[in-house]
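Novice: Sequence and predicted structure below; questions after.
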Amino acid sequence: MKPHTNWTFDPPFPIEYSSSSARNILVGAEPNGDADRPHARDMGEWLRFFPKSGTKFYRAIISIVSSFEGTEVDLKNVVEHKPLLQNWRFIDLVSEEAGPQVEGDFISRVRSDAHRTVTIIEKDEPSRIVLLGSHAQRGFEDVILPLLSQRYRRVGLPHPSSRGGYVTRALVGNPNEMLRATGEKMLAYSHLKGWR
């Protein structure tokens with residue numbers, strides 16, 4: 001494992017996000033230190049400034065957000081992303097970057113960052129929490145969920161770098177219908193098994 005550097009997780013459009021009555025959070029496992037990044041290691045800045053339409057991870061995020069918002073987006077030419085992302089924030093359960101694959105004792109690292117994660121969620125009071133990939137889903141359900149003092153609606157989707165393709169309404173239907181309160185069993189979509 002390479003040396004770690006901590007990331008922060010501001011919204012891409014902080015003013016619009018803070019004034020929104022329908023904030024949403026995308027939750028990943030940990031930042032990929034091998035990926036290209038802006039000078040500041042912040043996911044909001046990355047989403048706002050760095051991505052090009054050719055970045056698969058970025059296009060996957062736009063595709064996921066579009067599926068929730070019910071909008072059509074040309075993923076080969078994503079130009080104007082502010083209307084889609086202004087009500088969304090991306091956080092990782094672990095703030096230290098690693099490689100492209102989750103390594104080591106991930107759950108212990110989620111526990112180490114749990115206070116930060118819970119603080120962001122409870123401050124934002126999101127309408128939707130979208131857990132991206134099996135590691136984020138397991139870390140959230142096992143560590144973060146028991147620490148939350150309020151009920152939030154969440155759903156599991158594939159990791160944005162998944163080989164199964166982009167998450168679209170044509171593929172998964174309306175993911176808003178799959179959201180479950182934190183007191184209920186979470187539903188997750190798998191490219192191999194569908195909704196489960």
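Specialist: Nice, thanks for sending it over.
Novice: At which residues are the strands of this structure located?
Specialist: 24-28, 88-92, 128-132, 153-157, 180-181, 189-190, 194-195 (DSSP state E).
Novice: could these go into CSV alongside distance to Ser18 and mean neighbour count?
Specialist: Bear in mind the C-beta positions are built from the backbone N, C-alpha and C, glycine included. Formatted as CSV, those follow (distance: least, CB to CB, whole Å; neighbours: other CB atoms under 10 Å):
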stretch, distance to Ser18, mean neighbour count
strand 24-28, 13, 24
strand 88-92, 10, 25
strand 128-132, 17, 24
strand 153-157, 20, 24
strand 180-181, 24, 12
strand 189-190, 30, 16
strand 194-195, 33, 12
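Novice: With mean pLDDT and distance to Tyr58 as new columns, can those be given to me in TSV?
Specialist: Conversion of those to TSV gives the following (pLDDT from 0 to 100; distance: least, CB to CB, whole Å):
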stretch	mean pLDDT	distance to Tyr58
strand 24-28	97	12
strand 88-92	97	11
strand 128-132	98	13
strand 153-157	98	16
strand 180-181	96	27
strand 189-190	95	20
strand 194-195	94	25
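Novice: got TSV for those strands, with distance to Arg109 too?
Specialist: Shown next, in TSV, are these (distance: least, CB to CB, whole Å):
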stretch	distance to Arg109
strand 24-28	13
strand 88-92	10
strand 128-132	16
strand 153-157	20
strand 180-181	26
strand 189-190	24
strand 194-195	29
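Novice: how about the most centrally placed residue in the chain, what does it touch?
Specialist: Centroid check for the chain by CA atoms, centre = their mean gives Leu26 as the closest residue, at 2.5 Å. For Leu26, the contact set (CB atoms under 8 Å, 6 or more residues apart in numbering) comprises Ile61, Ile64, Val65, Trp88, Arg89, Phe90, Ile91, Val130, Leu132.
Novice: buried residues in the top helix by length along the chain?
Specialist: Longest helix in the chain, counting residues (DSSP state H): helix 56-69. Residues of helix 56-69 classed as buried by neighbour count (16 or more other CB atoms under 10 Å): 57-69.
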